[in-house]
Each structure stands twice: as structure tokens, then as C-alpha cells.
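**Q** Here is the input, now give the coordinates:
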Amino acid sequence: MATYGQTCARPMCIPPSYADLGKAARDIFNKGFGFGLVKLDVKTKSCSGVEFSTSGSSNTDTGKVTGTLETKYKWCEYGLTFTEKWNTDNTLGTEIAIEDQICQGLKLTFDTTFSPNTGKKSGKIKSSYKRECINLGCDVDFDFAGPAIHGSAVFGYEGWLAGYQMTFDSAKSKLTRNNFAVGYRTGDFQLHTNVNDGTEFGGSIYQKVCEDLDTSVNLAWTSGTNCTRFGIAAKYQLDPTASISPGENPQGQRLVSWVAEVAGRWHAWRGH
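**A** The predicted model follows:
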């Protein structure tokens with residue numbers, strides 16, 4: 001029987017969400033690299049169970065510095081998660097999620113943001129349902145002009161995956177996103193292809209060659225152009241505390257990343 005990594009908390013195969021199709025291949029290119037950015041992430045947890053996360057980044061080209069702060073508390077007895085967010089744009093966010101309480105596999109999330117400087121408010125209701133062979137999602141963005149509805153579905157059977165993603169803008173009364181994806185996934189090999197709005201075509205291959213070596217290949221093409229974007233990358237785990245990732249992304253940028261844990265802290269060197 002096919003396995004889906006850590007997504008199978010129970011003894012059955014739950015396919016990934018549409019957004020996570022091909023994620024293993026993308027992570028080889030995205031994690032550990034930051035062109036023109038210096039970034040620092042810190043996470044900690046208090047004795048009472050409150051999780052604190054902070055992230056800061058500096059753009060070496062513009063000199064702009066941005067940061068975020070997030071606190072999260074889980075009330076496991078009732079399946080509740082409370083999250084508070086703040087960023088340097090002075091936007092405040094509150095998120096409340098309830099999971100596996102109404103029915104097994106169902107998660108509901110209520111997300112709101114508020115900017116004191118502009119008075120702008122936004123709200124979103126997210127829902128997801130995950131069971132064997134199926135992963136469904138539906139989000140509603142509330143706006144004064146009219147809500148936007150985002151829907152997705154992924155079906156899996158014996159390692160094969162098929163997914164669909166759409167967005168319906170009620171203000172314009174039309175579909176603004178219409179995406180399809182097909183893939184095959186086993187424990188150490190993943191193949192995915194996708195079509196976005198009938199104009200963008202992409203594909204990716206991920207393979208875990210051995211315990212310490214992961215490889216990834218990405219292809220992308222947009223109709224109306226003669227340019228095919230190609231990328232290849234690898235990640236080699238030198239030891240439990242250090243890894244190196246060379247490659248070239250679909251934008252033609254050559255990548256080198258070295259990440260290591262020194263005295264309990266993670267340090268990274270990146271180049272291109």
C-alpha cells in the first residue's frame with residue numbers, strides 16, 4: 001500500500017491538500033535559499049504550552065526590514081487552537097481553529113485581520129475534510145464587493161493522485177482560477193504535473209536516492225512563449241546536524257546552501 005509520509009496519522013492513506021502536491025520537490029529549491037535576503041527564525045515554547053514564533057528578514061537591495069510575531073495555544077481537550085499574529089506593517093491577526101470535534105477529519109478555521117493604521121478589516125472562514133483517499137478544502141474570503149470562494153479536492157488511490165482547484169469571485173461572477181493536477185507518489189519517489197488556467201504547464205520529480213540524498217527536478221512552460229524553465233537540485237545530509245544543497249532553479253539562478261546546527265542553534269550559508 002502506498003504511504004504518504006507523515007500525513008497518515010492513522011492507519012490509512014490520506015492524500016495531501018492541493019497546495020501540497022509536489023511540495024517535496026519544491027522544498028529542495030525553496031528551503032535554505034533566500035536571494036537578496038537575510039532571514040532569522042526563532043521558535044520557543046513556554047512551560048504553560050504557549051508557542052512563540054518570531055521571524056525577521058532584511059532585503060539587502062532595498063534595506064527594508066520586516067518582522068512577524070506569532071503566539072499559539074492549543075486546547076487539546078476540545079480540539080481548539082488559538083493564534084495571535086502581528087507584523088511590522090502593524091497588521092493584527094486572530095485565528096481560531098477547531099479540529100475533529102464536529103466529525104472526524106473536519107477542521108474549521110475562523111481568521112480575521114485588522115490594520116489600526118488604515119482601519120482595514122478582513123475575514124476568512126476555512127474548512128478542510130480529510131479521510132482515506134480524499135482531501136477536500138473550501139475557504140470563503142469576505143469582502144465588501146462580495147465574497148470569493150476557494151475550493152479544492154484531491155483524490156488518491158494506490159499512490160495515484162488527481163486534484164482540482166478553483167476560485168469563484170462573486171463580485172465578477174466568474175471563475176478566476178481553474179487548476180488541475182495529476183501525480184504518482186510512493187515512499188521515495190514522487191511525480192506531479194499541473195495545468196493552471198489552461199496556460200501554465202508544470203511538472204516535478206522528487207526522489208530520495210538514499211537515506212542522506214534527496215533530488216528534485218522542476219519543469220515549467222507558459223503557452224504563447226518559446227521558453228521552457230528547467231531546474232535541478234539536490235540536498236545531501238552530511239550528518240544529523242548539517243546539510244548542503246547545490247542546484248539551479250527554473251529562473252536560471254545557481255544555488256548553494258549549507259545549513260548546520262552549532263551549539264543548539266541553526267546557522268545557514270547561502271550563495272548564488
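
**Q** low-scoring stretches of the stretch 151-272 of the chain, by residue?
**A** For the stretch 151-272 of the chain, applying pLDDT under 70 flags the ranges 241, 243, 245-272.

**Q** can you rerun that using 90?
**A** 171-173, 187, 210-212, 224-272 (pLDDT under 90).

**Q** So which bits of stretch 120-130 are buried?
**A** Residues of stretch 120-130 classed as buried by neighbour count (16 or more other Cβ atoms under 10 Å): 124, 126, 128, 129, 130. Yep, even glycine has a C-beta here, placed from its N, CA and C like the rest.

**Q** So which of those residues are in strands?
**A** 124, 126, 128, 129, 130 (DSSP state E).

**Q** element containing the closest residue to the second one other than its chain neighbours, please.
**A** Setting aside the residues directly before and after it, residue 126 is nearest to residue 109 in space (Cβ to Cβ, 6 or more residues apart in numbering), at 4.0 Å. When secondary structure is defined by DSSP states H and E, residue 109 falls within strand 106-114.

**Q** Let me see the backbone angles for the closest residue to residue 23 other than its chain neighbours.
**A** Closest residue to residue 23 apart from its sequence neighbours, by Cβ to Cβ, 6+ apart: residue 16 at 7.0 Å. With angles defined as degrees, to the nearest 10, residue 16 sits at phi -70, psi 170.

**Q** Quickly list what the residue nearest to residue 126 is bridged to.
**A** Counting by DSSP bridges, residue 109 is bridged to residue 97, residue 126.

**Q** wait, what's in contact with it?
**A** The neighbours of residue 109, taking Cβ atoms under 8 Å, 6 or more residues apart in numbering as the test, are 95, 96, 97, 98, 124, 125, 126, 127.

**Q** how about a cut-off of 7 Å?
**A** 95, 97, 126 (Cβ atoms under 7 Å, 6 or more residues apart in numbering).

**Q** measure the residue lying closest to residue 64 once chain neighbours are set aside to residue 66 for me?
**A** Excluding the flanking residues, the one nearest residue 64 by Cβ to Cβ, 6+ apart is residue 58, at 7.3 Å. Separation of residue 58 from residue 66 (Cβ to Cβ, to the nearest Å): 8 Å.

**Q** Take the contacts of residue 109 and lay them out in CSV including distance to residue 208 and pLDDT.
**A** What follows is the contacts of residue 109, written out as CSV (distance: Cβ to Cβ, whole Å; pLDDT from 0 to 100):
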residue, distance to residue 208, pLDDT
95, 33, 97
97, 31, 97
126, 31, 97
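
**Q** now these in CSV, with distance to residue 146?
**A** Converted to CSV, the contacts of residue 109 look like this (distance: Cβ to Cβ, whole Å):
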residue, distance to residue 146
95, 23
97, 25
126, 18
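
**Q** ranges for the helices of the protein?
**A** Along the chain, counting by DSSP state H, helices occupy 23-30.

**Q** how far is the strand holding residue 109 from where the chain is centred?
**A** Between the centre of strand 106-114 and the centre of its chain there are 17 Å (Cα atoms, centre = their mean, to the nearest Å).

**Q** and what of stretch 172-183?
**A** 18 Å.

**Q** In that stretch, which residues are buried?
**A** Those buried within stretch 172-183 under the rule 16+ other Cβ under 10 Å are 179, 180, 181, 183.

**Q** Now do that stretch: everything it contacts.
**A** By Cβ under 7 Å, 6+ apart, the surrounding residues in contact with stretch 172-183 are 18, 21-22, 161-169, 190-197.

**Q** Swap in 6 Å and give it another go.
**A** 21, 161-169, 191-197 (Cβ atoms under 6 Å, 6 or more residues apart in numbering).
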